[in-house]
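**Q** coordinates only, no sequence provided:
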């Protein structure tokens, strides 16, 4: 079981996840989408492709671009397509 927690709120939890480069990637159905707001930010990884971001909002407090995912990853990263990882103070427990 893995959980992502910020400001005392569980943002995602699942016993099915992927670990890539030390980051836990949660499947889309594990997310509590009421805390996620799409961001315009995008970055590019040489082997995974273009990452898109979410801003996390809990009780009116925002954590910009604290979650990312690859909607259309390169072939080597197909196993994390649509899966979401966290940083910027979001605690991930396994």
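**A** That came in fine, so what should we check first? In this text the structure is predicted, and so the values were computed from the model without any measurement.

**Q** then residue 3 would be within a strand, right?
**A** Yes - looking at residue 3 with DSSP: H, G, I helix; E, B strand; the rest coil, it is inside a strand.

**Q** that one: neighbouring residues, count only.
**A** 17 (other Cβ atoms under 10 Å). Every residue, glycine included, has its C-beta placed from N, CA and C.

**Q** ok, now which ones touch the closest residue to it other than its chain neighbours?
**A** Leaving aside its chain neighbours, residue 3 sits nearest to residue 13 (4.3 Å; criterion: Cβ to Cβ, 6 or more residues apart in numbering). Counting by Cβ atoms under 8 Å, 6 or more residues apart in numbering, residue 13 touches 1, 2, 3, 4, 26, 30.

**Q** return a PyMOL selection command for the buried portion of those residues.
**A** Entered in PyMOL, the line below selects the buried ones among the contacts of residue 13, by 16 or more other Cβ atoms under 10 Å:
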select buried, resi 2+3+4+26+30
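
**Q** make JSON lines out of the contacts of residue 13 and add distance to residue 55.
**A** Output for the contacts of residue 13, formatted as JSON lines (distance: Cβ to Cβ, whole Å):
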{"residue": "1", "distance to residue 55": "26"}
{"residue": "2", "distance to residue 55": "21"}
{"residue": "3", "distance to residue 55": "20"}
{"residue": "4", "distance to residue 55": "14"}
{"residue": "26", "distance to residue 55": "17"}
{"residue": "30", "distance to residue 55": "18"}
